[in-house]
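Peer 1: Sequence plus predicted model, see below.
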Amino acid sequence: MNFLFLRKITPQSSPFPWVQLLRKLPLSTFRRFPTSQATQFLFRVAILQRFLPKTQPSAMKRYLNTYLHTDIRNSVEHFNVLIDGYCRNGEISRAVELLEGMKTNGPAPDIVTYNTLINGFCKIGDVFTARKLMGEIFLANLEPNVITYTTLIDAYCKIQCVEDARSMYDEMTVKGLVPDVVTYTCIMNGLCKSGKVEEAKSVFREMEEVGVVPNHFSYATLIDSLFKEGNEAEAFAFQGQMVVRGVGFDVVVYTALMDGLFKTGMPNDAENMFQVLLEESLVPNCITYSVLIGGLCKLGDVNKGELMLQEMEEKCVSPNVVVCASIIDGYTKKGLLNEAMNVMKKMVQRNISPNVFVYGTLIDGYFKAGQQGIALDLFKEMKSVGLEENNFVIDSFVNNFKRSGRMEEANELLKAMMSRGLVPDRVNYTSMMDGFFKVGKELDAFDMAQEMTENSSGFDIVAYNVLINGLFKSGKYESESFYTGMRELGLVPNSATFNTMINAYCKEGNLENALKLLNEMKSYGLLPDLITRNILVQRLCAAGEIEKTMDVLNDMLVFGFHPTPTTHKAVLDASSKSRRADVILHIHNRLVGMGLELSLSTYNTLISTLCRLGMVKRATLVFKDMMGKGISPDIITYNALIQGYCLSSHLKNAFSVHSQMLTEGVSPNVETYNILLRGLSAASLIKDAAGLVNQMKERGLIPNADTYDILLSGHGKIGNMKECIKFYCEMITKRFVPKTSTYNVLISCFSKGKKMSEAKELMREMQVRGLSPNSSTYDILICGWYRLSKQPGLSKSLKRSYQAEAKRLFEEMNEKGFIPCENTLAHISFALAKPGKKVDAQRILNKLYKKKVK
C-alpha cells in the first residue's frame, strides 16, 4: 500500500473536512516519499493531524481503523497518533485509557508514547502526573530521552519551579544526555520569568561553551528580559550578536525588540522595527500587534492605535482582549471615556469578552472623572457576567475613597475583600497607607504598613517612599534615620526617594545636606528630574540663596534641563528682595544664557517683578525690547505696567497705559479696573471712581469682591460713611464676604462717628461670617470705647460701662496674643493713671511684661 493508494481510497463523499483537504493534495506530493509502510503511515498521520479539527479525534480513529491495513492499525505508531490526538483535544483521560490498553493488549508503548502523554499532562498544568510517568518509563525498560527531560524542564519553568527544572537538567546530564538548544532556552526562559536574568545569561554562556548554537528563541528570551529590567544596552548587544552570527530574525525577535524599544522611550525606532518586519515579508501575529498598539496607546496616540487595529483585522489577524484593553486604557488616560466605552462595545460585537482588566480600567477612569454612578454600574455589570474583582479593581475603589478623604469606607472595603479570600497586594496596602497619611491618621497608616509586612507583601521602594513622605509631613521622622531603614529593608532608592529626602532636608532648613543628596543621587546612577530641580529651586529661593540656585540650574544643564518660565519666576521673586533693578536684570540675563526661552510669559514675569517694586522706567525699557522682538503684549503686560505706575503715584501715566491698551485692541479685565481703583484710593481720589466703575459695567465686566473692598475702603478713608454703607449693602446682597481689613474700615468709620454699638455689631457680624478680628480690629474698638468714655457731661455709670467694654476687649486681645499699638496703650495709660486704678494698672503691666509693644 502506498500514498497513491491512500489518495485513491479516500471517499469522495467523506463527511470530514480534513478528508476533502487530503484529496486536494496533488499526486506529486505522494510520489516524492518512500514506499515503506511505516513511512507511508507516518506521513499519512501528519496530514491527518494537520487537517483534523480538534473536535474529531474519534473520527480520526474510525477513519484509520476503516482504511488502514491491519498491521498498521496494530502498530505503536497508530496508537501514538491517537494518543496525541486525544492530548491535543484535551481528552487526556482517553489518552491514558489507550496507554493502559497498550500495556495490557499491546503493542508495547515506546518512548514516543510516554513523551506524548507527558507533554499532554504538562500542557494542562499537571506536572505532578507528568513526573510520575517518568517512573513508568523506567518500569517499561525504556530510557527517557532529551525530549522527555526538555518537556518536563519547560513545564517546571512555566510554573516558576526553577529549582525543579534545574534538578531535571542535572539528572539529564548525569545520564549522559546532551541538552539541545530547546532545553537550554526553556531553562533560560524560566529563569528570566523568575527575575533571574543574570543566571539566564550564565546558562546562555554554558550553552555556547558546550557547542550548542543559540537560536532566535534563545536570543529573543534574553533580549525581552533585558529590556524589561531596563538594561537596554545589553539587549542591543545581544541583537548585534545575532546579526554578526547570522541568526535570522523572526516575528518573535522583532516583537521582543519592538516591545523593548517602546519601554525604553524609543517609539519611533519601535515603529521602524515594525516596518522592517513587514519589508522582510514576515507576517505580524497578534502579539506583535498587541505590542505595537499598546506602545502607541501608552504614548497617547490612540487614534493611530485604532488604525493599526483596523489593519490587523484587514490582514485576518484576530485581535484579542489585550489589544482592545490597550486602546481602552489609552482613551481612558486621555479622559475620552465615551470613546473607551465604544471600544468595549465593539469588543462584544467581535465576540471578544471584556476581562476584569478592561472593566477595572473603565471603572478607574469614571471614578477619576467624578462619574461614580457609571463606575458602579460597570462594577455591577462585571459581577453579573461572572467576573470577580481583582486587586486592580479594588485599588480603583480605594483611590476613589482616598480622593474624597473617606478612608474609613476604604478600610471597610479592604476588610470585605479579605473576607472573600482576595489577598490585598502591595499596591492596595500602599494606597491605603498613603490615604491614611493624607487625612492625618498616622496610626492607621502604620497599621497598614505593619499588616503589609506581616502578609508577606513586604516593602518595595514605592511603599517606602509613601511611608517616609507621610512621616516627614507629620514631622515624625528624622532625616538621618532614612538610610538605616532603607538598608534594613534591602531597598535601593529611586528618584522619588531622593526627591522626598531633599524636600525633607529643605523643610528642616538643612540646605547643605539637601545639596549633598543631589550629588549622592548621581552616584546611584539616577538623574535629577524636573521635580528635583523645582524642589531645590523653590527652597533655595525661599531662603534667599540666589547664587546656590543658579549653581543648581547650571548643573542641571548637563542633564538637558533648561530654566522654564516657572523657574524664572521663582528666581526673580527671590532676587527682587534686593530691591535692585540691576540685580534682577543680571539674574534674568544669566537665565537667558542658560537657555531660557524669551517668550511673552518670560517678559511678563520680568516686567511684573520690576513694576511691583515701582521700577517702571526699567520695566518700560523691557516692554520696548519685547515689542522690538515682535512679541505683542497681552492683558498681563498692561496690567503690570498700570500697577507699576499706580504704586509710584503716577496715576496719569497709569491711565495713559490703559488708553494705549484699548487702542491696541487689548480688552481690560476686572483686575485692570481694580488696579486703577486702588490707585485712586491710595491717592484719596476715590470720588472720581464712579466713571471708571460705569465704564467697567458698560464693557460687561462684573465687579468682584476685591472691587467692593477697594471702593468701600477708599470711601472709608475719606470719611464718606454714606458711600461706605451703600457699597457694603451691595456687597452683602451679592453674597460677597468683605475682608477683615474692609470690616476694619467700616468699624473705624462708626468708631470715629461715636457709633460704638454699630461698630460692636459689625465685629460680631464678621465673626459670624467666619472672619477673625485681627490686632487692628481690637485697636480701633478699644480706642473708640475709650474716646467715647471721655465725652464731657457723661454720667459715671456710662463712663464705667464704656471703659469696662474697652478693658474686656483689651483682655481678649491679650489672650489671643495680639500686641496693642501705641495709640491703644496711650488710651489705656490715660484711663488707668487715675487714683484707685493702681491694682488694675499693675495687673495689665504684668501681662504685657514680656510682650513687645508695636
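Peer 2: Arrived safely.

Peer 1: any idea of the pLDDT on the residue minimising distance to the centre of the chain?
Peer 2: Centrality entry for the chain: nearest residue to the mean C-alpha point is residue 333, 10.0 Å, by CA atoms, centre = their mean. For residue 333, the model assigns a pLDDT of 84.

Peer 1: Could you do the one 4 residues further on as well?
Peer 2: Note on residue 337: pLDDT of 87.

Peer 1: Not counting sequence-adjacent ones, nearest residue to it?
Peer 2: Nearest residue to residue 337 in three dimensions, chain neighbours excluded: residue 365, at 5.4 Å (CB to CB, 6 or more residues apart in numbering). Heads up, the C-betas are built off the backbone N, CA and C, glycines and all.

Peer 1: So that neighbour versus residue 324, what's the distance?
Peer 2: 15 Å (CB to CB, to the nearest Å).

Peer 1: quick one, what contacts residue 412?
Peer 2: By CB atoms under 8 Å, 6 or more residues apart in numbering, the contact list for residue 412 is empty.

Peer 1: could you redo the last one with a cut-off of 10 Å?
Peer 2: 401, 406 (CB atoms under 10 Å, 6 or more residues apart in numbering).

Peer 1: and if you look at residue 268?
Peer 2: Residues in contact with residue 268 (CB under 10 Å, 6+ apart) are residue 261.

Peer 1: Distance check, it against residue 275.
Peer 2: Separation of residue 268 from residue 275 (CB to CB): 11 Å.

Peer 1: now do residue 807
Peer 2: Taken as CB to CB, the span from residue 807 to residue 275 is 88 Å.

Peer 1: now swap in residue 724 and tell me
Peer 2: Shown here: residue 724 relative to residue 275, a distance of 75 Å by CB to CB.

Peer 1: the longest helix in this protein is where?
Peer 2: Identified as the longest helix of the chain according to DSSP state H is helix 796-815.

Peer 1: Pull out the buried residues from that one.
Peer 2: 802, 803, 805, 806, 807, 809, 810, 813, 814 (16 or more other CB atoms under 10 Å).

Peer 1: just stretch 249-260 next, same as before
Peer 2: Buried residues in stretch 249-260, defined by neighbour count with 16+ other CB under 10 Å: 249, 251, 252, 253, 254, 255, 256, 257, 258, 259, 260.

Peer 1: Model confidence at the fifth one, what's the number?
Peer 2: pLDDT, residue 254: 84.

Peer 1: Run through the residues that contact it.
Peer 2: Neighbour list for residue 254: 216, 220, 273, 274, 276, 277, 278, 280, 282, 284, 288, 291 [criterion: CB under 10 Å, 6+ apart].

Peer 1: So among those residues, which ones count as buried?
Peer 2: 216, 220, 273, 274, 277, 284, 288, 291.

Peer 1: Among those residues, which lie within helices?
Peer 2: Using DSSP H, the buried ones among the contacts of residue 254 in helices are 216, 220, 273, 274, 277, 288, 291.

Peer 1: Any regions of this protein where pLDDT drops low?
Peer 2: Per-residue confidence for the chain (pLDDT under 70) gives these ranges: 1-74, 456-458, 474-487, 830-854.

Peer 1: got the residue ranges for the strands in it?
Peer 2: For the chain, no strands turn up when DSSP state E is the criterion.

Peer 1: picking that back up, ok, so of the buried ones among the contacts of residue 254, who is nearest residue 242?
Peer 2: Closest to residue 242 out of the buried ones among the contacts of residue 254 is residue 216 (7.3 Å), distances taken as CB to CB.
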